[in-house]
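1. Need a 3D model of the sequence below.
(2 chains)
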Amino acid sequence: MSFFDALRFRLRAIARPGEHARELAEEMRHHVDLDAQQIAHEARDPVAEHDAPYAARRRFGNATYYEEEARRMSRLSWLDTIGQDLRFAVRTFRRAPGFTAVAVLTLALGIGANTAIFSAVDALLLRPLPFPQPDRLMSVSLTVPRRGNFPPRDDIVWSAPKFQMLRASEHVFASTTLWFTEPFTIGYGDQTLRDEGEYTDDGYLTTLGVRPALGRNFAAGETDHWRAAAVALISDALWQRLYDADKGVLGKIVTVNGVPYTIVGVMPPGFQGLSGQAMLWLPYTFNSNTRAQPYGPYDHSFAAVARLADGVTAEQAAAVVGTLGSRIDAAYPDPNSPSWHWGATAKPLDQARVDPRIRGTLLVLFGAVGLVLLIACANVANLFLARASGRRKEIAVRLAIGAGRRRLIAQLVTESVLLGVTGGVAGLAVAWAGTRALASLQISSVFQYNNAAHLGLLGSQAIHLDPAALLFTLALGVATGVLFGLVPSLQATKPSLTQDLKDDGARASRALGGLASRSTLVVAEIALAVVLLAGAGVVLRSLARRMGVEPGFDPAHMLTFRVNRVVTWAPDSITRFYDLAIQHLSELPGVTGVGIEDCPPLVRCSNTGVQLRDRAPAAPGTAPSAGVHWITPDWPRVAGVPLLKGRLLTSTDRVGTPLSVLVSATAARRWWPGQDPIGKTISAGGGGADSAFVVGVLGDVRYAGIDSLPGAEIYVSYYQAPFYYRIMLFLRTRGDPLALVGPARRVLAEWAPGFPMYDVRTMDDRVGDSLAYSRVSALLLGLFAAVALGLAAVGVYGVIAYSVSQRTREIGIRVALGATGADVEKMVIRQALRLGAIGGGAGLVAALLVTRVLSSLLFEVAPRDPVTLAGIVAVLAMVVLLASWIPARRAAAVPALEALKGS
Amino acid sequence: MARAPKSRKTELLRGTLDLLILQTLTIRPLHGYGISQHIANLSDRTLLVEQGSLYPALERLQARGWVTSRWEQSPTGRRARYYRITGSGLRQLGEEISALDAVFLAINRVLRRA
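-> Model (predicted):
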């Protein structure tokens, strides 16, 4: 096969260049000798015969050159050229370690940060969902319009009656299923675990296309929505932990919240449901496992997932669901205002995989980090330009002795690509640290409030460096290498030999050309940095605004945790449970107060329609609504929520006495403007039969999160309206709250064994959590902007220093003609400021256009915040002054005589 | 390429040297000097192959797999590199000849009408 002949030939030429060259030489000697014999044979006189070898050699010509040419023929494979260039590049870089280190470090920062953010984007946005035909899976949700302070949303979960209306009349889905997640106390034998589980039905696994690894799915009859059977599916992890991977686990009992369930199946390894953290699955009922009443039309609890029927497109399904949504809205109008029309929508599950705010943030960060890389590239390109002017003579010599321009460019670009890839490899360290930091963020947990139908399936823990990220890094390294290498090499090899050959450095007119392109690069750098600064500025200001928000309670020195509702305790003995909890925990040394609340601040839990008894019943859909909170009488004092008016609830507000409630300041202002709220009667909840008297007004608490305005809230005593769905304990402590975790756990284990406390956090941490997301995005953007500014400063310094060195002679003349040092300094600084002004101006214009994409990250700050923009101008001016200071001083110190003699 | 004797230069079409070498090797395997002699003799010394072109051309032809080489004993007893044409070299030769024929035909037509 001639192909293999050719390959063998080339490989041999590359692998054993010495042998190849020797053979060529021998072959040519042979040629000359044969020719000499021929000449001698034809010779007519002995002198000619004697001279034959010389004649032959003359006739043959420059053997070395031919050898060289011949070798070029066989070795001009790209592989060999690159090998040669690489070796040359390595030698070049070894000779300039300082330059190389700066360039590699700059690129490592830029590329590493890009790889880290790319890993997050890949894990959270790009990787396909781990189910068969994931593109056929749809997330079905309710939509709400803008309601007062609340923005419109299209990701609201379903209530049972609304979903039943949808399911009864749609034909676009092959299957639909509902699910929601809840923490469970899971027990087997004497072991108990506290873990997440999901309530769902028999359609869940069939819709997703997942089969149990062992046993079977729920049967249709077992997940009847009104009478669910006591059966459970368990995860592989739970199977390993509690049952030692026993194949005979089917039919065994697992207790969940103290109730026995029969295990019917074990899920395959890695499957943790759509929440991404489920350890077991139970059938739900609309009768509610956890409440006294069935789920009503406004109890939005269930996330819906569906698989498209064959032949139906996502758009068709969305249209059908949208139509049905209007019908559902007509049947169950918004209780607060009939003009707020709800709807329904279906979108590919892939789009619902992460909160749109995370998506938005990630894309913003990806863009920002891309800008940082661009700036890094511009800086390295500048370094290359500077070096190219130093190497001009070398390049000119090589061009003069016949090196092709294309060949030289290839070689220079090889150098820059090698640098880019080296930067990429070094950047992997940065990326590794970055992905670790990103993966440790609990970004998803911050968003798991407000009834959003988002999957926890793809949590931040999915962020890691994988082959895709490595490939991305490599591609980035090569791309940046070409990007910052091409322009300088084109310029460096511009053929104008005579001047450069004569040149003893870089001088005169050509140098000005170099300065122009370097200035352009720096102006671009400044512009990009300004865009980043503008973005980071408004986001940081938003963070400051958020951190300055008064949450309405005192988070310092407060331990909070939940204790699972004790199912085996009879509902009427629940008040005794609270008494015991408060009594035992109060006795702990270091505890100054204990309160119980059903739902912690910063996480909105409930919103219920309210009727005001002092006026005619509101028209349907216009009734006010409020969050209802169950508290122990002492809770406001413990939590630091001030009493503004009236009295607190007391131990005399018990079952049987007239119902007393507290309202929030916002509720009082909204419902009874200009009146005294004390003594007003209201009723809350679906029935509206029970009237309650307002006895006091509490300060506002931001229940819906730091970003949201406080709303109308109603506080009811646990002792007067027993409620045992969920509780959170608040311990006000004297010292470090976390020091009390151990003692509290011991006390609880004594009198409520088998029901561990969980969700243990200090209140400071909870506040921190609610800000974690804005803090991280602000921090990263700020970091990127700082790096960008630093790189731009280095760029300005480089260009100004270069131009000063070029203008030494001119400066000398100026000084000789009477310019003072200050004049020279001013001149240099003016040049720097001109660059800064052009770059800054372009950057500000770009920033005005671009920062709009940040709206979703902002809080009480406009995207074009004038304060931020003014600040940027000031910072930029300072940085430019600083960067040009040293070169300006150096220029001012130029002694006139020396400068004039110098050339 | 190839050079005519004296100062008169016969500019050959690009790639013709390859063609001549391949054609020469269809007769029998030859070493480099043999190839140049053969071309010179056959063309009545009109075409003299420059050594500066010959060896690069041979390397190029090998790199493309049209020609292979082996070190063998020459009749004089000295070690020499003998070149032989490969299957794909023969095919390439056929293609080039037919292409060249077409060119010559066209040139002839033009010349006759001019």
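2. Residue A:261 is in contact with residue A:251, correct?
-> No. Taking contacts as C-beta atoms under 8 Å, residue A:251 lies outside contact range of residue A:261: 11.3 Å. Placement of C-beta: from N, CA and C, glycine included.
3. So for these two, which sits in the more crowded spot?
-> The residue with more neighbours, out of residue A:251 and residue A:261, is residue A:261; 22 against 9, by other C-beta atoms under 10 Å in any protein chain shown.
4. what about residue B:70, which helix or strand?
-> Using DSSP states H and E, residue B:70 falls within strand B:67-73.
5. show me where chain B has helices.
-> B:16-25, B:32-42, B:51-63, B:87-113 (DSSP state H).
6. next one: phi and psi at the residue in chain B positioned nearest to chain A?
-> Closest residue of chain B to chain A, C-beta to the nearest C-beta: residue B:65 (3.0 Å). Backbone dihedrals for residue B:65, given as degrees, to the nearest 10, come out at phi 80, psi 10.
7. Isn't it up against residue A:10?
-> No. With contact defined as C-beta under 8 Å, residue B:65 does not count as touching residue A:10 (9.3 Å).
8. quick one, helices of the stretch 701-850 of chain A?
-> For the stretch 701-850 of chain A, the helices defined by DSSP state H, counting those that start in this stretch cover A:741-751, A:763-806, A:808-816, A:821-850.
9. contact partners of the first one?
-> Counting contacts by C-beta atoms under 8 Å, 6 or more residues apart in numbering or on different chains, the residues outside helix A:741-751 that touch it are A:559, A:561, A:563, A:580-581, A:584-585, A:588, A:731, A:755-757, A:760.
10. Could you rerun that using 10 Å?
-> Helix A:741-751 is touched from outside by A:559, A:561, A:563, A:577, A:580-581, A:583-585, A:587-591, A:594, A:729, A:731, A:737, A:740, A:755-757, A:760-762, with contacts defined as C-beta atoms under 10 Å, 6 or more residues apart in numbering or on different chains.
11. Neighbour count says what about the residues you listed? Which are buried?
-> Among the contacts of helix A:741-751, those classed as buried by 16 or more other C-beta atoms under 10 Å in any protein chain shown are A:559, A:561, A:563, A:577, A:581, A:584-585, A:590-591, A:594, A:729, A:731, A:737, A:740, A:755-757, A:760-762.
12. Inside strands: which ones of these?
-> A:559, A:561, A:563, A:591, A:594, A:729, A:731, A:757, A:760-762 (DSSP state E).
13. Can you give me the pLDDT of residue A:457?
-> On pLDDT, residue A:457 comes in at 55.
14. pLDDT below threshold where in chain B?
-> Residues of chain B that meet the criterion pLDDT under 70 lie in B:1-15, B:113-114.
15. and if we set it to 80?
-> By pLDDT under 80, the low-scoring segments of chain B are B:1-16, B:43-52, B:76, B:96-114.
16. can you map out the helices along the stretch 301-450 of chain A?
-> Secondary structure of the stretch 301-450 of chain A, counting by DSSP H, counting those that start in this stretch: helices at A:314-331, A:356-390, A:392-400, A:405-439, A:443-447.
17. Just put these in a markdown table and tack on distance to residue B:46.
-> Shown next, in a markdown table, are these (distance: least, C-beta to C-beta, whole Å):
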| stretch | distance to residue B:46 |
| --- | --- |
| helix A:314-331 | 77 |
| helix A:356-390 | 50 |
| helix A:392-400 | 37 |
| helix A:405-439 | 35 |
| helix A:443-447 | 82 |
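18. Now tabulate the ones you listed in JSON lines and tack on distance to residue B:75 and mean pLDDT.
-> Listed next are the helices of the stretch 301-450 of chain A as JSON lines, based on distance: least, C-beta to C-beta, whole Å; pLDDT from 0 to 100:
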{"stretch": "helix A:314-331", "distance to residue B:75": "82", "mean pLDDT": "92"}
{"stretch": "helix A:356-390", "distance to residue B:75": "57", "mean pLDDT": "83"}
{"stretch": "helix A:392-400", "distance to residue B:75": "46", "mean pLDDT": "77"}
{"stretch": "helix A:405-439", "distance to residue B:75": "42", "mean pLDDT": "86"}
{"stretch": "helix A:443-447", "distance to residue B:75": "84", "mean pLDDT": "47"}
